[in-house]
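In: sequence below, structure please.
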Amino acid sequence: MTVDLAEATPEAQEPQAEPSILYTVYLSSADELVEHIRAADVLNLGFRVESYLVTAEDAPEATQTEFEFTLYAELPAREDDRD
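Out: Got it, this is the predicted structure:
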């Protein structure tokens, strides 16, 4: 009788999927953005903020900064790369 032993190999770690999204809102002022960030912090929820420039149709030479705020159901996992 022959028994083959397989070497233990570390399992490949799959990248973790993003937490589920509760909602996404578009904001036009930094004050509104700060309110949303503070609320997410108090509730210990994760979030993502993206900013972009918007040009008004009636004033193409003027741009305005707007924000996309996405609230997650939990905090995203962090990898510690510190040694």
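
In: centroid-nearest residue for this structure?
Out: What sits nearest the mean C-alpha location of the chain, by C-alpha atoms, centre = their mean, is Arg48, with 3.6 Å.

In: quick one: strands adjacent to the host helix or strand of it?
Out: Arg48 is part of strand 47-55 when elements are defined by DSSP states H and E. Applying DSSP bridges, strand 47-55 is found paired with strand 63-72 (antiparallel).

In: low pLDDT regions in this protein?
Out: Flagging of the chain using pLDDT under 70 yields the residue ranges 1-18, 78-83.

In: mind redoing it with 50?
Out: Scanning the chain for pLDDT under 50 picks out 1-10, 12.

In: re earlier: now the strand holding Arg48, how far from the chain's geometric center?
Out: 13 Å (C-alpha atoms, centre = their mean, to the nearest Å).

In: can you point out the buried residues in it?
Out: Phe47 (16 or more other C-beta atoms under 10 Å). C-beta here means a position set from N, CA and C on the backbone, and glycine is covered the same way.

In: list of residues touching it?
Out: For strand 47-55, the external contacting residues (C-beta atoms under 8 Å, 6 or more residues apart in numbering) are 33, 36-37, 40, 62-72.

In: ok so, going back, relative to Tyr72, how far out is the residue nearest to the centre of the chain?
Out: Distance from Arg48 to Tyr72, counting by C-beta to C-beta, to the nearest Å: 7 Å.

In: same check, this time on Gln64
Out: 26 Å.

In: more neighbours: which of these two?
Out: Tyr72 (17 against 12; other C-beta atoms under 10 Å).

In: does Arg38 belong to a helix, a strand or coil?
Out: helix (DSSP: H, G, I helix; E, B strand; the rest coil).
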